[in-house]
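**Q** Predicted model, plus sequence, below.
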Amino acid sequence: MCRGWKIGLAAVGLVVVGTLTGVLGARAQGAGSSYIPVNEEDFRTVFARMSAAKASTMKRQMDLLNARYDLGDRPASGVTMSGGKAIQDGVRVKLPAGLSWAALAKMSPDEIREKGLYPAGFMPLPHENHPEGGMVFPGFMISEVKKQTGRDLTRFDLDFDLPDRFLPEFPAPIYLTTRPDLGDVSQGKLVTTDNYYALFNGILNPKQLEGLRLLLTPFPQQQFNATADRRSEHPSLGVACFDCHQNGHTNGADHEVGDIRPQEFRHRIETTSLRGVNIQRLFGSQRALKTVEDFTEFEQRAAFDGDHVIATKKGVNILERGSQVHFMAEFQEILDFPPAPKLDVYGKLDPKKATPAELRGQAVFFGKGTCASCHVAPYYTDNLMHNLQTERFFKPVTINSMRAIGDGPIKTFPLRGIKDSPPYMHDGRLLTLDDTVEFFNLALGTQLTPEEKKDLVAFLRAL
């Protein structure tokens with residue numbers, strides 16, 4: 001049940017791939033260069049062209065989503081996220097006509113590839129406008145940030161694509177390892193520069209409080225900055241870490257990885273949760289960074305796009321390691337997983353509290369499903385990388401300007417609190433836990449029965 005390759009951002013930034021000329025991506029990484037072009041078009045010309053193209057861009061993306069998924073509102077019965085938001089139920093990935101999940105699972109990867117039967121919803125998911133890239137925020141986040149702080153995270157060229165019902169709850173509860181007695185310390189509010197001091201003064205130590213302030217402070221990054229090469233209508237102060245990692249969790253905002261060139265091969269990345277960062281040991285899209293401090297500093301210097309040259313133009317803010325970076329990390333490392341009252345001290349179900357379905361699902365998880373090979377209790381991660389070799393199932397294909405060739409190595413993300421963090425996989429291609437179980441049943445060849453799949457989902461929701 002590998003959660004899969006969502007970047008654990010310690011400070012949020014935005015991806016830019018130059019200014020669009022002509023149709024799409026004429027300047028993107030231009031002529032095979034590793035560098036983003038520094039020169040820029042007249043802003044009003046770009047604004048007029050890309051604003052006019054926005055409707056057709058979003059129609060193309062929504063047509064793709066509707067072809068792949070059942071996007072209907074069907075909440076699960078008897079279970080919610082930690083703050084009470086409904087969890088969407090059922091498999092939402094659409095199968096090719098006339099095919100069943102049982103029949104698909106019996107086919108070999110070669111047969112699936114040659115017959116073109118790999119479900120479209122299992123394919124990599126492109127960015128809303130893949131040649132352009134950049135951070136895209138859900139509407140609820142844009143509205144609340146503008147209401148509280150006056151900053152506008154709206155892009156004139158793009159809107160967020162996935163329906164709110166498939167995203168984490170907002171505002172997300174905040175749980176602290178240092179004060180479990182307090183429960184949700186957010187008081188049901190989105191934490192911003194407008195209210196953080198009133199909420200946390202007296203709960204955090206001075207370093208943690210300063211770290212939180214920095215995590216809430218906007219810095220110029222890629223699409224949101226003061227230059228003409230931006231994707232906000234008006235010059236912007238920038239983006240804060242917690243604009244994506246709302247309340248230390250995630251709001252589902254997406255962008256593109258900075259470690260891959262050329263542009264068409266870059267992966268969409270959905271923001272990961274910062275809950276439980278203290279027990280994680282690998283960070284960054286290639287997991288080459290070993291601490292949150294390393295990641296915070298590295299991404300800030302490279303403008304979250306792997307390009308330190310363009311970062312300078314945008315107004316890069318070099319964080320001081322001994323104080324600012326350390327203080328930011330110290331706060332992140334006390335963000336706790338949500339309570340899981342049915343788990344014992346070993347991270348396993350207490351038989352006196354769990355339902356029969358949850359207990360059967362736990363047996364599948366640690367047995368036939370082979371999930372525990374990577375997701376080791378109590379936090380359900382081995383802090384390693386694994387390659388699912390998804391390229392076994394499909395031929396390379398271009399999807400809305402993204403070249404899909406496989407996924408590569410994937411980090412084993414913790415499954416504690418997993419019901420609070422839809423959608424799943426690094427790019428958010430799997431909308432529900434039911435989708436995720438079907439995906440890994442195929443990828444791992446575990447041949448689970450319908451009853452075992454259902455029980456496994458019940459167990460995952462209890463973590």
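**A** Done, it's in. All of these numbers come straight from a predicted model, not from anything done at the bench. Numbering: from 1, shown residues only.
**Q** how about the helices of the chain, start to end?
**A** With helices called from DSSP state H, the chain shows them at 43-68, 101-106, 109-115, 139-149, 196-200, 206-215, 241-244, 292-301, 308-314, 326-332, 356-366, 433-444, 450-462.
**Q** Which stretch among those helices is buried most, on average?
**A** helix 241-244 (a mean of 27; mean count of other CB atoms under 10 Å). No exception for glycine: its C-beta is placed from N, CA and C like everyone else's.
**Q** In the protein, what helix or strand scores lowest on average pLDDT?
**A** helix 292-301 (a mean of 79; mean pLDDT, DSSP states H and E).
**Q** So which bits of the top strand by length along the chain are buried?
**A** If each strand of the chain is counted by residues according to DSSP state E, the longest one is strand 75-80. Within strand 75-80, the residues scored as buried using 16 or more other CB atoms under 10 Å are residue 76.
**Q** on that earlier part again, any chance of the helices of the chain in JSON lines, with distance to residue 273 too?
**A** Below are the helices of the chain laid out as JSON lines (distance: least, CB to CB, whole Å):
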{"stretch": "helix 43-68", "distance to residue 273": "23"}
{"stretch": "helix 101-106", "distance to residue 273": "28"}
{"stretch": "helix 109-115", "distance to residue 273": "31"}
{"stretch": "helix 139-149", "distance to residue 273": "15"}
{"stretch": "helix 196-200", "distance to residue 273": "19"}
{"stretch": "helix 206-215", "distance to residue 273": "14"}
{"stretch": "helix 241-244", "distance to residue 273": "10"}
{"stretch": "helix 292-301", "distance to residue 273": "13"}
{"stretch": "helix 308-314", "distance to residue 273": "26"}
{"stretch": "helix 326-332", "distance to residue 273": "11"}
{"stretch": "helix 356-366", "distance to residue 273": "20"}
{"stretch": "helix 433-444", "distance to residue 273": "15"}
{"stretch": "helix 450-462", "distance to residue 273": "15"}
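**Q** Select, out of the ones you listed, the one closest to residue 426.
**A** Nearest to residue 426 among these is helix 433-444 (12.2 Å), distances taken as CB to CB.
**Q** angle of the closest one against helix 356-366?
**A** 30 degrees (axes from the mean of the first three to the mean of the last three CA atoms, to 10 degrees).
**Q** quick one: average pLDDT of helix 433-444?
**A** Mean per-residue pLDDT for helix 433-444: 98.
**Q** could you say what helices and strands that helix packs with?
**A** helix 101-106, helix 450-462 (3 or more CB pairs under 8 Å, 6 or more residues apart in numbering; DSSP states H and E).
**Q** So what's the gap between that helix and the chain middle?
**A** Relative to the centre of its chain, helix 433-444 is centred 18 Å away, using CA atoms, centre = their mean, to the nearest Å.
**Q** Check stretch 242-257 too.
**A** With CA atoms, centre = their mean, you get 7 Å for stretch 242-257.
**Q** Please save the CA atoms from it in CSV.
**A** C-alpha atoms of stretch 242-257 as CSV (Å, rounded to 0.1, in the frame of the first residue of the first chain):
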residue,chain,number,x,y,z
PHE,A,242,2.0,26.5,5.0
ASP,A,243,0.1,27.7,1.9
CYS,A,244,0.5,24.1,0.7
HIS,A,245,1.1,22.4,4.0
GLN,A,246,-2.0,24.0,5.6
ASN,A,247,-1.9,23.7,9.3
GLY,A,248,1.2,21.4,9.0
HIS,A,249,-0.8,18.9,7.0
THR,A,250,-1.7,19.3,3.3
ASN,A,251,-4.5,20.8,1.2
GLY,A,252,-3.8,18.8,-1.9
ALA,A,253,-2.0,21.6,-3.8
ASP,A,254,0.1,20.3,-6.7
HIS,A,255,3.1,21.3,-8.8
GLU,A,256,5.9,19.5,-10.6
VAL,A,257,9.1,17.9,-9.4
